[in-house]
Structures are given as structure tokens and as C-alpha cells.
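Chemist: Give me coordinates for this.
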Amino acid sequence: MKFAVLVFPGSNCDIDCFKAVEDTIGQSVEYVWHTADDLSKYDCILVPGGFSYGDYLRCGAIAQFTNVMKALVKAADEGKYILGICNGFQVLTEARLLPGALLRNKEMKFRCHPAILRVENNNTPFTTDYEQGELINIPIAHGEGNYYCDEATLQELQANKQIIFRYEAGNNPNGSLDDIAGISNKAGNVVGMMPHPERAVHELLGSADGKRMFTSILSTWREKHGAAAIR
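Modeler: Numbering: from 1, shown residues only. So this is what the prediction gives:
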């Protein structure tokens, strides 16, 4: 399986994503600069956290116009797996690959600490190795993680089971609507989340709960392509 990690000016979690793939599932992974216009050789594309283009205008607002994002839209339409983390989630909403928007945290403070998430849908390529309703420990680091959408969109997300992760009840760190921490598109091949699974792949980091996102992706891809699932 071949992974790409997109790199924009201002990305700062690209190395974390690269190492998470390399160290946890041992698959081929490459950095792809924002000027690239072809993602056809990759099976999964990671859009990392950071401050793409300094987060000028809005978080992710400038990144959406790059060459690589045009290729990413094509990859999404082809059913390839796409995971946007933190700023990557913001980029995916700006590019309309995911609905809604990320606003300033409710308390107007940057939040950086472990967060407890509830797995709301374990029937996606990114979550098959989790139990439905499982509580997992995944860190956050953001100032604009307050997910918002209109009521009609929220009802659609709920009805289609597109809410993949919620913050544990009573522990919403940013005021996100319906405690949303991560969502998918209707097809389920594009996921965006504010917490950082790539920073939770080993107990030395405080949690290894994020590792199963990467093993889920690989297992799903191998099953789809007739290869042995990872164990």
C-alpha cells in the first residue's frame, strides 16, 4: 500500500504522519509537495496538521487553491482513502470535501492536551479495528477546532452515520457542535478529525490508541485487494 503525506508551506505535522505510517504499519510513504498535480500512484493520502500558509484569511483557506488539492478532489472521487488531521480537517472543509467549518475554540484559547473520544462509527476504512462506542485517548492541539454546520447538515451527518468520533460527554474542549471530533463524507472514504492519531501510536507518547487508525486503513485496503489482513 502506498501513502502520501501532503506538505504545504507551514505544515508541521507532516513528519509525525510519515513516521506513524513508517513505524506502525511499515508501508511505503512519501512526502508530496503542494505543487504536485498527480496523486494517482497513492492509495491513501494524509493531509497533516500545522498552519498551512500561516492560516492567513482562514485556516486552510489558501491551501484549497493549490495544485495538489485539485488532485486530491480527483482522488476522493475515485474512492481513495483520505485522512485530514487538525489543519488537514480544516483544509478538507475549505475544499468542500467535507461539510461544515472549523471556528475558533469557544473559550478563544489554544488547547493542547489528551482528549477522550468516543468511536461513533467503526464501519469505515479508518475505524474497523475499534469497537463501536469505545473510548480512546487521542491528543488535541488547536485553536480553531470548534466544528460547526447548519441544522440540516447536522441532521444529514447524524442520519448517514458520518459522525465518526465525538468528544467524551462533558469533556468537549472547544465547543464543537454535537461534541463532534471527526466526520466523514457520504462515501466514507474521506475523514477529517481535529485530534491527532499520529501522535498516539506508542505508549511512550502517552497513548497507542491512534495506531489502530493506521492498521484499520491497511487491513481494509488489503481485504479489498485480496491480501492478508494485518495482525
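
Chemist: ok, Met1 touching Lys224?
Modeler: No - assessed by Cβ atoms under 8 Å, Met1 is found out of contact with Lys224, at 10.2 Å. Heads up, the C-betas are built off the backbone N, CA and C, glycines and all.

Chemist: Please identify which of the two sits among more neighbours.
Modeler: In this view Met1 and Lys224 are compared by other Cβ atoms under 10 Å, and Met1 has more residues nearby, 20 against 11.

Chemist: which ones are touching Gly188?
Modeler: With contact taken as Cβ atoms under 8 Å, 6 or more residues apart in numbering, Gly188 is in contact with Asn123, Thr124, Pro125, Gln162.

Chemist: Then Pro48?
Modeler: 5-7, 11-14, 16-17, 85-88, 198 are the contacts of Pro48 under Cβ under 8 Å, 6+ apart.

Chemist: roughly how far apart are it and Arg199?
Modeler: For Pro48, the distance to Arg199 equals 11 Å [Cβ to Cβ, to the nearest Å].

Chemist: which residues do those two both contact?
Modeler: Common contacts of Pro48 and Arg199 (Cβ under 8 Å, 6+ apart): Cys13, Asp16.

Chemist: who's in contact with Thr35?
Modeler: By Cβ under 8 Å, 6+ apart, the neighbours of Thr35 are Thr66, Asn67, Val68.

Chemist: Which secondary structure state does it sit in?
Modeler: Look at Thr35: counting by DSSP: H, G, I helix; E, B strand; the rest coil, its state is coil.

Chemist: for the protein, what spans make up the strands?
Modeler: With strands called from DSSP state E, the chain shows them at 2-7, 28-33, 44-47, 81-85, 101-103, 111-119, 135-142, 146-148, 163-167, 180-184, 190-193.

Chemist: What lies in contact with the first one?
Modeler: Strand 2-7 has contacts (Cβ under 8 Å, 6+ apart) with 14, 17-18, 21, 27-34, 39, 41-48, 68, 72, 88.

Chemist: returning to what we had before: mind giving me the ChimeraX select for the contacts of Gly188, buried ones only?
Modeler: To isolate the buried members of the contacts of Gly188 in ChimeraX, using 16 or more other Cβ atoms under 10 Å:
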select :124,125,162
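
Chemist: Look up how far Pro197 lies from Gly210.
Modeler: 3 Å.

Chemist: wait, Lys19
Modeler: Lys19 is 12 Å from Pro197, by Cβ to Cβ.

Chemist: So for those two, which residue has more residues nearby?
Modeler: Pro197 (27 against 14).

Chemist: who touches the more buried one in this structure?
Modeler: Ala20, Ile85, Ile138, Asp209, Gly210, Lys211, Met213, Phe214.

Chemist: What of Cys149?
Modeler: In this structure, Cys149 makes contact with Pro99, Gly100, Ala101, Leu157, Leu177, judged by Cβ under 8 Å, 6+ apart.

Chemist: from those residues, which ones fall inside helices?
Modeler: Leu157 (DSSP state H).
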